[in-house]
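Q: build me a structure from this.
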Amino acid sequence: MKDLSDAIVIGAGPCGSYTALNLARQGVSVKVFEEHKEIGIPSHCAGHLSIKGLKQLELHPLPQQIVENVFHGATFCSPKGNEFTVRLASPVTCSVNRILFDKHVAQKAQDAGADYNLSSRVESLVTKEGMVKGVMVKREQKKEYLAKIVVDAEGVSSRLLKEAGLPGPNRSKLVNAVEAEVENVKDTEADKVEVFLGKEYAPGFYAWLIPKKNGKAKVGLAARTGNLKELLQKLMLKHPIASKKLRAAKITQTAFHPVTLGGPTAKSYTNGFLTVGDAASQVKPTTGGGVIFGMTCARIAAQVADEALRKDDVSKEFLGTYQKRCEQILSFDVRVMLRMRRTLDALSDERIDSLIGLCKRLGLDSTLQNVEDIDFQGHTFLRTLRSPRILTALGYFFFAYLSANL
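A: Now for the predicted structure:
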């Protein structure tokens, strides 16, 4: 007898589990296949999340043991040591233990009725007459599992998209990241993160320091070029600001992973099949954060999948509703963030140094104190345009961009 479910979800990361949670809550029978033997391991992400985003996903407050720290602001540092600090009126972000966070979302899905299968690698899709009908899973042996709809949340590797005839993340827009857990960190301010800009230390992206407690922190960077281990050592030992805090720090754990910055893929659906999260490149082009964006789309995927199952119509014509709803929520913000990313990539370290100095001189910290939304940055950007100080900084930013591209 064939193993048949209403839905199959590939991958038990936050986006896969959140899809399963929302499906199970609607009474959909859903199986989740995760290739690793334990949920959340290996962990690849810094786990720096917006509190507003978690609230909108109905995941706030999180259990106390998951939250490592809460932040009121950030300091932006140039390669030469200029600093610009924004301290917000209330906590805006938190850092979470990603292993515990992933387990938490998965447990909520299981409590709602989702069936989890670990050490279960989906090797291929089962396709018949142009319709995705299920998956072929390798555990101790290969077995075919059928479903009315399949949701791919396998991550940036996106192995299965080609089988479904869908585009994967834009490989030319990938950066490679290293994330390190460190101890014996000195002189950090516990309630703010630090961002280090510039090509000298993180070409094509940026580096970060996220304080934890008891002298511990998460330190990392992403880059388009260069050796990540060497760049991390350079940051910790030679950066004029970071080195004062990290020169004596001890790295206890490192992880490496790619980050997609090209914006959502052009098509994330086909007959009997949806894709969510990093596989669909539902990631902020400015910061590389994909948890809130991806889970927002995962909830939409579950809604559309449930509607399709009720109508007994999992055709690509009906499932295209998923893409349209995601675009309604994300498209404006993504367009703005893509332009911001292109502009940042074009600036030299000297221009970045000057821009951070200008922001400090203009007193933009007070102008930005009431920012609440760091996920949907296009709309946040529009709201800040009311300030003459912001317009002055943008004028310099635009001039610097034009100069770099003439």
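Q: what's the first-to-last distance across stretch 230-246?
A: Distance across stretch 230-246, first residue to last, is 15 Å (CA to CA, to the nearest Å).
Q: how about that stretch: buried residues?
A: Across stretch 230-246, burial judged by 16 or more other CB atoms under 10 Å covers L231, L232, K234, L235, M236, H239, I241, A242, K245, L246. From N, CA and C alone the C-beta is placed, and that goes for glycine too.
Q: surely L209 is in a strand?
A: Yes - applying DSSP: H, G, I helix; E, B strand; the rest coil, one finds L209 inside a strand.
Q: look up the residues forming beta bridges with it.
A: Bridge pairing for L209 (DSSP bridges) gives the partners E194, V219.
Q: hmm, V193 and it touching each other?
A: Yes - counting by CB atoms under 8 Å, L209 touches V193, with 6.7 Å between them.
Q: higher neighbour count, the two?
A: Set L209 next to V193 and count neighbours by other CB atoms under 10 Å: L209 wins out with 27 against 23.
Q: can you give me the end-to-end span of stretch 84-98?
A: 29 Å.
Q: with stretch 38-53 instead?
A: One end of stretch 38-53 sits 26 Å from the other (CA to CA).
Q: distance from it to the middle of the chain?
A: 8 Å (CA atoms, centre = their mean, to the nearest Å).
Q: list the buried residues in that stretch.
A: Across stretch 38-53, burial judged by 16+ other CB under 10 Å covers 39-40, 43-53.
Q: closest to G113 among those?
A: I39 (16.9 Å; CB to CB).
Q: which one is D278 nearest to, not counting chain neighbours?
A: V156 (4.2 Å; CB to CB, 6 or more residues apart in numbering).
Q: ramachandran angles for that neighbour?
A: phi -70, psi -20 (degrees, to the nearest 10).
Q: next one: it from L174, what distance?
A: 8 Å (CB to CB, to the nearest Å).
Q: now stretch 341-358: average pLDDT?
A: For stretch 341-358, mean pLDDT is 87.
Q: residue boundaries of the helices in this protein?
A: 14-25, 51-56, 98-111, 161-164, 228-238, 242-246, 291-311, 316-346, 349-362, 364-367, 377-384, 388-405 (DSSP state H).
Q: distance between the second one and the chain's centre?
A: Helix 51-56 sits 14 Å away from the centroid of its parent chain (CA atoms, centre = their mean).
Q: for that helix, packing partners?
A: Applying 3 or more CB pairs under 8 Å, 6 or more residues apart in numbering; DSSP states H and E, one finds that helix 51-56 makes contact with strand 93-96, helix 291-311.
Q: what about the longest one, average pLDDT?
A: So the one you mean is helix 291-311. 97.
Q: between it and helix 316-346, how many degrees?
A: Relative orientation of helix 291-311 and helix 316-346, computed by axes from the mean of the first three to the mean of the last three CA atoms, to 10 degrees: 170 degrees.
Q: quick check: buried residues in helix 291-311?
A: For helix 291-311, burial by neighbour count (16+ other CB under 10 Å) applies to 291-306, 308-309.
Q: now do stretch 15-29
A: 15-24, 26, 28-29.
Q: pLDDT and distance to V182 added to those, as JSON lines?
A: JSON lines is the format used below for these (pLDDT from 0 to 100; distance: CB to CB, whole Å):
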{"residue": "C15", "pLDDT": "98", "distance to V182": "28"}
{"residue": "G16", "pLDDT": "98", "distance to V182": "29"}
{"residue": "S17", "pLDDT": "98", "distance to V182": "28"}
{"residue": "Y18", "pLDDT": "98", "distance to V182": "30"}
{"residue": "T19", "pLDDT": "98", "distance to V182": "34"}
{"residue": "A20", "pLDDT": "98", "distance to V182": "34"}
{"residue": "L21", "pLDDT": "98", "distance to V182": "33"}
{"residue": "N22", "pLDDT": "98", "distance to V182": "36"}
{"residue": "L23", "pLDDT": "98", "distance to V182": "39"}
{"residue": "A24", "pLDDT": "98", "distance to V182": "38"}
{"residue": "Q26", "pLDDT": "97", "distance to V182": "43"}
{"residue": "V28", "pLDDT": "98", "distance to V182": "43"}
{"residue": "S29", "pLDDT": "98", "distance to V182": "44"}
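Q: this completes my enquiry, with thanks.
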